[in-house]
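Undergrad: Attaching a predicted model along with its sequence, questions to come.
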Amino acid sequence: YLMACYNTPHSIPMNKVLRDGHNFFSLVPGVGFIIRSVRNYFLGKDKSWKWKVRDLVGLFSRVQGSLADGVELRITNNGTFVKALDGFQYTFDTEGRQIPETIMKGGDSLDKSEVEYALERLPMDGVVVDAGAGVGEYAMHLSAKGMVHSFEPMETQYELLRSNIKRNNLAHRIRANRYALWNESGRFGITHLNVEDNRLVKAEDKRSVETIHALRLDEYFKEKEIYKVDLVKADIQGAEFQMIMGLGKYMESHPALLLEIVPRCIKRFGYEYSELFEYLIGLGYGYVGFYEDGTVHKEHYDEMIKHS
């Protein structure tokens, strides 16, 4: 059985450049992009001028580098639109803070080694859980073989996820759900420390920016009369163990697991990463590590954690 652990590619603050392409404005990197962005963004009417100016100032302050050749990028009133080299189209947050480094540097929306490894272990039309779906990068790729059940609790991210599913004509392969995943159903709060670090907290916690609902995956799949899960991808800031416990009997079929493991995040929930690994070892899982240089390693989990 496979448990693949990975390090999420760091998002680059707004695309590190923004070259316009083959016209006059390409002589001054970013000028054409900025002119088009300002024009398109201010056509929208859902925000005041004050907030539009604030967003654009934040965006352009992040322009610092170059975008991979062939990637289409533009600012709209709804967010930052990107068409990656792998063909998928996304809208990210307004200031482009979510755009993955894989798009910025190589043009693809995800690390190819992770995607290929997961797809090799996914049967055609297999059932996939995408926990912490964000705007849908993993869901888009895994839908090539799987029927994907995506879970994203934050309202803004969830709406972008829905929009991206529709934009890529994948509503028949991806189901978007606005829930967090836990070992019991209930009401929680969620923080928004930055675009890559949203944490579950008690509903009454003062750090919470919105109230969300959590559920157990076994209850979710039982209601939908689905009796086997083939692959679980999770990037949920330390709540992986609770999510796995919420799978209940579905873990008996040993779905492949693609997990982001960050020890300091796991500690927030009162346990050590070793407890999660030892639990999975007891179920017969082995480990594979994915690293930012694109390499894949089979190794003991203590060695893998050194790279986390």
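TA: Great, that's in hand.

Undergrad: Residue 276: neighbouring residues, count only.
TA: 21 (other C-beta atoms under 10 Å). Bear in mind the C-beta positions are built from the backbone N, C-alpha and C, glycine included.

Undergrad: Quick check: phi and psi on it?
TA: phi -60, psi -50 (degrees, to the nearest 10).

Undergrad: Can you tell me the closest non-neighbouring residue to it?
TA: Excluding the flanking residues, the one nearest residue 276 by C-beta to C-beta, 6 or more residues apart in numbering is residue 241, at 4.7 Å.

Undergrad: The helix or strand in which that neighbour is found packs against which elements?
TA: Using DSSP states H and E, residue 241 sits in helix 240-246. Under the contact definition 3 or more C-beta pairs under 8 Å, 6 or more residues apart in numbering; DSSP states H and E, helix 240-246 sits against strand 180-181, helix 217-223, strand 231-234, strand 256-260, helix 273-282.

Undergrad: I'd like the average pLDDT over that helix.
TA: Averaged over helix 240-246, pLDDT sits at 94.

Undergrad: Just confirm residue 289 is within a strand.
TA: Yes. Checked against DSSP: H, G, I helix; E, B strand; the rest coil, residue 289 lies within a strand.

Undergrad: and it, how many neighbours?
TA: As a measure of burial, residue 289 has 21 neighbours, counting by other C-beta under 10 Å.

Undergrad: bridging residues for it?
TA: residue 5, residue 297 (DSSP bridges).

Undergrad: among the helices and strands packed on helix 240-246, which is nearest residue 86?
TA: strand 231-234 (17.0 Å; C-beta to C-beta).

Undergrad: ok, and what's touching the closest one?
TA: 118, 121-122, 126-132, 138, 142, 146, 181, 240, 243-244, 247, 255-260 (C-beta atoms under 8 Å, 6 or more residues apart in numbering).

Undergrad: returning to that earlier point: can you show me the CA trace of the helix holding residue 241 as PDB?
TA: What follows is helix 240-246, C-alpha atoms only, in PDB (Å, rounded to 0.1, in the frame of the first residue of the first chain):
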ATOM      1  CA  GLU A 240      -4.600  14.400   8.300                       C
ATOM      2  CA  PHE A 241      -4.900  11.900  11.200                       C
ATOM      3  CA  GLN A 242      -8.400  13.100  12.100                       C
ATOM      4  CA  MET A 243      -9.500  12.800   8.500                       C
ATOM      5  CA  ILE A 244      -8.100   9.300   8.200                       C
ATOM      6  CA  MET A 245      -9.900   8.200  11.300                       C
ATOM      7  CA  GLY A 246     -13.100   9.700   9.800                       C
END
